[in-house]
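**Q** The amino acid sequence is not available; the structure is as follows:
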């Protein structure tokens, strides 16, 4: 499995505090009035798939092309029509163009953090990073609010968790990381779920009996410890998963129907999407899929058209179509984002684009969100929101939670008693639910 290191390594913790709360020109009071009047709906999803495009994909070469921009900005790719009249995306996304009716494009999403790590932290939780507090990722909040079956992990990250963390909620809400990607046509094993080294279910049950005896002797010592509480939860869940045929079957993509599996292709991203669909279908509440390699400073157009976009296009379109065919798209929210966009002006020395948080795209599908739309816009050169405001990651996070019936204004408390809202700044985007 390939690991992608971003150009700036671990980011610095110096950044500007978020500005006043707005959502595409609507105040919180106006939004609440709409919601009270019944003009805003949501809360249809029971599960979610979060797709993290690590490195920051170019908005100008994917979902927000500017064919009339100057040569310094325009790029090499041509726009193509989609299934929805009037909406155009990159020529290297033909499968998604055919599935345009199933998702919504957010354009003109904007923030000010241009460092990979901090930007990723931001879009993985919807709260601008603070040096004094580690916010929980979406997966942790969903795990806490919605729970899940005892014999399945509530949240799974493929292949790693990156910034989907337990945060101040504690390790008990951290996701299970698969640590590797599945391989086409082969059984997929996950440490802690699949039996190995000659172990049988009976062996595991005997060991669990011994652990239960030991736990009785230490009862009471773990009070007020988030770490021990989390480890105890993981121990119980690991036992449930190992002895559960449903869990082992869910992770094994080799059991998928051959015709359905073929639509996902053989790229790592496509197979991860196939596994994500199977996990949600089995009852897992939250799946994170991380796709690296989007940090295209050098030879960017070639990297996009030969490496990044074909597999992404094939895998994401297959996921959206597969969920729809199985009657699961309405009950599953799909959220796709990188940590930022890329510079509208091309770096001619490196033939690529650099970090650019002032304009980016995000994709949303399912969970009551109507597909076949473009909301928001960037200006004529893709340099910023056309209206000067745009959407913030906070607004999108609040909208995402709303599709799952989770109140983004709900208040949690850290282990020191500090009150913190699920989304500190930002409210749902009304147009998404209209």
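**A** Arrived safely, thanks for sending. A quick note: this is a predicted structure, and the numbers were derived from the prediction, not measured.
**Q** Pull the number of nearby residues for residue 401.
**A** 27 (other CB atoms under 10 Å). (Each C-beta comes from the backbone N, C-alpha and C, glycine too.)
**Q** mind checking the SS state of the closest residue to it other than its chain neighbours?
**A** Spatial nearest neighbour of residue 401, excluding adjacent residues (CB to CB, 6 or more residues apart in numbering): residue 408 at 4.6 Å. Assigned state for residue 408: coil (three-state reduction, DSSP: H, G, I helix; E, B strand; the rest coil).
**Q** and residue 408, how many residues sit next to it?
**A** Neighbours of residue 408 (other CB under 10 Å): 21.
**Q** Let me know the pLDDT of it.
**A** Note on residue 408: pLDDT of 97.
**Q** Could you do residue 251 as well?
**A** What the model reports as pLDDT for residue 251 is 87.
**Q** surely it meets residue 276?
**A** No - look at residue 251 against residue 276 with CB atoms under 8 Å: they stay out of range, at 11.0 Å.
**Q** so what's residue 261 up against?
**A** 184, 253, 274 (CB atoms under 8 Å, 6 or more residues apart in numbering).
**Q** wait, which of those is closest to residue 149?
**A** The nearest member of those to residue 149, counting by CB to CB, is residue 253 at 19.6 Å.
**Q** Helix or strand with the lowest mean pLDDT in the chain?
**A** Taking mean pLDDT, DSSP states H and E as the measure, the chain has helix 28-36 as its least confident helix or strand, at a mean of 45.
**Q** can you count the residues close to the residue nearest to residue 351 when sequence neighbours are not counted?
**A** Residue nearest to residue 351 in three dimensions, not counting chain neighbours: residue 299, with 5.6 Å by CB to CB, 6+ apart. Counted with other CB under 10 Å, residues neighbouring residue 299 total 12.
**Q** wait, doesn't residue 299 sit right on residue 353?
**A** No - look at residue 299 against residue 353 with CB under 8 Å: they stay out of range, at 11.2 Å.
**Q** confidence score at the residue lying closest to residue 97 once chain neighbours are set aside?
**A** Among residues not flanking residue 97 along the chain, residue 82 sits closest, at 4.1 Å (CB to CB, 6+ apart). pLDDT recorded at residue 82 is 98.
**Q** Numbering from 10 from now on, please.
**A** OK, 10 is where the count begins now, so the last one is residue 91.
**Q** Surely residue 329 and residue 342 touch.
**A** No - contact criterion CB under 8 Å: residue 329 and residue 342 do not qualify, at 11.7 Å.
**Q** Show the residue spans covered by the helices in the chain.
**A** Along the chain, the stretches classed as helices by DSSP state H are 37-45, 80-83, 103-107, 125-132, 147-155, 210-226, 235-251, 254-260, 267-271, 277-291, 309-312, 318-334, 402-412, 439-442.
**Q** other SSEs contacting the third one?
**A** With contacts defined as 3 or more CB pairs under 8 Å, 6 or more residues apart in numbering; DSSP states H and E, helix 103-107 has these neighbours: strand 88-90, helix 318-334.
**Q** which residues are in contact with the last one?
**A** Surrounding helix 318-334, the residues in contact under the criterion CB under 8 Å, 6+ apart are 58, 60, 62, 71, 99, 101-105, 107-108, 111-112, 269, 272-274, 276-283, 285-286, 289, 300, 338, 341, 343, 345, 374-375.
**Q** Which residue ranges make up each domain of this structure?
**A** 37-197+261-442, 200-257 (automatic domain parsing).
**Q** Quick one: those as JSON lines, columns for distance to residue 16 too.
**A** Shown next, in JSON lines, are the domains of the chain (distance: least, CB to CB, whole Å):
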{"stretch": "domain 37-197+261-442", "distance to residue 16": "6"}
{"stretch": "domain 200-257", "distance to residue 16": "31"}
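**Q** Where does pLDDT dip in the stretch 110-259 of the chain?
**A** 200-252 (pLDDT under 70).
**Q** from what I can see residue 105 touches residue 93, true?
**A** No - counting by CB under 8 Å, residue 105 stays clear of residue 93, with 11.4 Å between them.
**Q** between those two, which one's more packed in?
**A** Applying other CB under 10 Å to residue 105 and residue 93 shows that residue 105 carries more neighbours, namely 25 against 15.
**Q** And stretch 127-145, end to end?
**A** Stretch 127-145 has an end-to-end distance of 14 Å (CA to CA, to the nearest Å).
**Q** cool, stretch 171-182 as well?
**A** 14 Å.
**Q** before we move on, what about stretch 328-342?
**A** Chord length of stretch 328-342, first to last residue, is 12 Å (CA to CA).
**Q** that older thread, need the overlap of contacts for residue 329 and residue 342.
**A** residue 374.
**Q** Do you know the pLDDT at the closest residue to residue 74 other than its chain neighbours?
**A** Excluding the flanking residues, the one nearest residue 74 by CB to CB, 6+ apart is residue 88, at 4.6 Å. Looking at residue 88, its pLDDT stands at 98.
**Q** Repeat that for residue 337.
**A** Note for residue 337: predicted pLDDT of 98.
**Q** and what of residue 21?
**A** 33.
**Q** residue contacts, residue 152?
**A** The contact partners of residue 152, taken as CB under 8 Å, 6+ apart, are 163, 164, 182, 184, 294, 295.
**Q** From residue 115, how far out is the first one?
**A** Using CB to CB, to the nearest Å, we find residue 163 at a distance of 27 Å from residue 115.
**Q** give me the number of residues near the residue lying closest to residue 277 once chain neighbours are set aside?
**A** Computed as CB to CB, 6+ apart, the closest residue to residue 277 that is not its neighbour in sequence is residue 190, at 4.8 Å. As a burial measure, residue 190 scores 18 neighbours (other CB under 10 Å).
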